[in-house]
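**Student:** Provided below are the primary sequence and the corresponding predicted coordinates.
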Amino acid sequence: MKMILDLDTGIDDAFALAYAIAHPDIELIGVTGTYGNVTIEQGMANTRALLKLLGQPDIPVYAGVEIEGFVVSEASARIHGTNGVGEVNIATDNAESAGEAVDFLIESAAKYGEDLVVVPTGAQTTTAKALEKDEALRGIRMVTMGGALTVPGNVSPAAEANISQDPVSSNSVYQLAEDMTMVGLDVTMQTQLTRAEADSWRGTAAGDAFADMAGYYIDAYQENNPHMDGCALHDPLAVAVAVDPDLVDCLILPLQVDTEGPTVGRTIGRWDGSEVETRVAVGVDVDAFVPDFIDKLGQLFARLAQ
Ligand code: BDR
Ligand code: CA
């Protein structure tokens, strides 16, 4: 399958990128840059540097749309580091963008149709703009990391981080995308990576960099979620579900996002006439995903060192 990742690169975004590259069933045709953990500019520089580190320097990286007035939150800088990749020194790459993300999404939908899956794992501003502009994109399969239906949010009791960046755009996304699976905190908080598992990647340049990033992320998780024994694999789980939808059990709902008031950013089902329904993942086969993620990244790092 052809895949486009929309990343705010970010440590777990870096994991998602590596998993997509490592997966034999995925052809990553491009990455679009969004914001959240970092600015679009920093995220794109991180993506390009990671693509080089992972032996894929030719995968194009497109510039998405940032909401006016965006600043990286203190919490994001603490969780992902001020450079987004846990202060790990990956050679930054400030090359020019390959083009506009909205155009790339629309052109790819026309070119690949049902062979394409789009996986947004940051703020959904760019995805919304593209869906609003192009009807054909609305029928393309999408799997997004964003939201929390049956569990609390992670930036407020109601809101998950990606949705909280631009709830109006996310509301638009969930109401326009006709073939959408939401992989939110309901399931991503169940899929965890421990320090020992990440350390099993060590021994190569890429493996060391990813283990260092994971270590930084796990330290932040230990402060915020002391009951956990590692970090959550948010964004890579969305990639895995794109390949294997049976990894998750879903509720099917007309999903909306609260755009104002005390629950702003909440994802919620509302039967108020919308014909578009979203599959919302509420259960996950942890044992089918986590070991596969660890193995595939380990094998990729070993291959790159040969
Ligand atoms: C989501 O927010 C970002 O910080 C992560 O990369 C993930 O996409 C988790 O709420
Ligand atoms: Ca992300």
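**Tutor:** Good, I have the coordinates. Numbers count the residues shown, from 1 in each chain. Ligands and ions are numbered 1, 2, ... in the order given.
**Student:** now do the contacts for the most centrally placed residue in the chain.
**Tutor:** Centroid-nearest residue in the chain: Thr121, 2.4 Å away (criterion: CA atoms, centre = their mean). Counting by CB atoms under 8 Å, 6 or more residues apart in numbering, Thr121 touches 5-8, 10, 12-13, 16, 144-146, 162, 234-235, 238. In this view, the C-beta of every residue, glycine as well, is placed from N, C-alpha and C.
**Student:** for ligand 1, give me its nearest residue in the stretch 101-250 of the chain.
**Tutor:** Closest residue of the stretch 101-250 of the chain to ligand 1, CB to the nearest ligand atom: Ala161 (3.6 Å).
**Student:** neighbours of Asn224, how many?
**Tutor:** 11 (other CB atoms under 10 Å).
**Student:** now do Ala288
**Tutor:** 12.
**Student:** and if you look at Gly215?
**Tutor:** Look at Gly215: counted by other CB under 10 Å, it has 16 neighbours.
**Student:** again with Gly146
**Tutor:** 31.
**Student:** quick one, what contacts it?
**Tutor:** Applying CB under 8 Å, 6+ apart, we find Gly146 in contact with Pro120, Thr121, Gln124, Glu160, Asn162, Ile163, Ser170, Met182, Gly184, Thr267.
**Student:** emit the ChimeraX select command for whichever of the contacts of Thr121 are buried.
**Tutor:** Buried members of the contacts of Thr121, defined by 16 or more other CB atoms under 10 Å, are picked up in ChimeraX with:
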select :5,6,7,8,10,12,13,16,144,145,146,162,234,235,238
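**Student:** so which of the contacts of Thr121 is the closest to Ala63?
**Tutor:** Proximity of those to Ala63 (CB to CB) peaks at Asp6, which lies at 11.4 Å.
**Student:** test my guess that that closest one contacts Val117.
**Tutor:** No - Asp6 lies out of contact with Val117 (CB atoms under 8 Å); the separation is 11.5 Å.
**Student:** circling back to that earlier point, how about the residue of the stretch 101-250 of the chain closest to ligand 1: what's its closest non-neighbour residue?
**Tutor:** Val155 (5.0 Å; CB to CB, 6 or more residues apart in numbering).
**Student:** which residue does the stretch 101-250 of the chain have closest to ligand 2?
**Tutor:** Taking CB to the ion, ligand 2 has its nearest neighbour within the stretch 101-250 of the chain at Thr121, 4.1 Å off.
**Student:** what backbone torsions are found at that residue?
**Tutor:** Main-chain dihedrals, Thr121, degrees, to the nearest 10: phi -130, psi 20.
**Student:** tell me the confidence at it?
**Tutor:** Thr121 carries a pLDDT value of 98.
**Student:** near ligand 2, which residues of this structure?
**Tutor:** When proximity is defined by CB under 5 Å from the ion, the chain lies next to ligand 2 at Asp8, Gly10, Asp13, Thr121, Gly122, Asp235.
**Student:** identify the residues contacting the first one.
**Tutor:** Which is Asp8. 33-38, 40, 43, 84, 121-123, 162.
**Student:** just those now: which is nearest Ile21?
**Tutor:** For these, the nearest to Ile21 is Thr121 (14.8 Å; CB to CB).
**Student:** name the element Gln42 belongs to?
**Tutor:** Using DSSP states H and E, Gln42 maps to helix 40-53.
**Student:** do you have the helices of the chain handy? List them.
**Tutor:** Using DSSP state H, the helices of the chain run over residues 11-22, 40-53, 74-80, 101-112, 125-133, 161-165, 167-176, 185-188, 195-199, 205-224, 234-243, 286-304.
**Student:** and the fifth one with ligand 1, contact?
**Tutor:** By that I understand helix 125-133. No - Helix 125-133 lies out of reach of ligand 1 by CB under 6 Å from any ligand atom, never closer than 13.1 Å.
**Student:** relative to helix 40-53, how tilted is that helix?
**Tutor:** Relative orientation of helix 125-133 versus helix 40-53 (axes from the mean of the first three to the mean of the last three CA atoms, to 10 degrees): 100 degrees.
**Student:** which residues touch helix 125-133?
**Tutor:** Counting by CB under 8 Å, 6+ apart, 6, 32, 34-35, 64-67, 101-102, 105-106, 118, 120, 137-138, 142, 144, 165-166, 168-170, 172-173, 176-177 sit against helix 125-133.
**Student:** buried only: go through the residues you listed for me.
**Tutor:** Looks like the contacts of helix 125-133 have 6, 32, 34-35, 64-66, 101-102, 105-106, 118, 120, 137-138, 142, 144, 165-166, 169-170, 172-173, 176-177 buried, using 16+ other CB under 10 Å.
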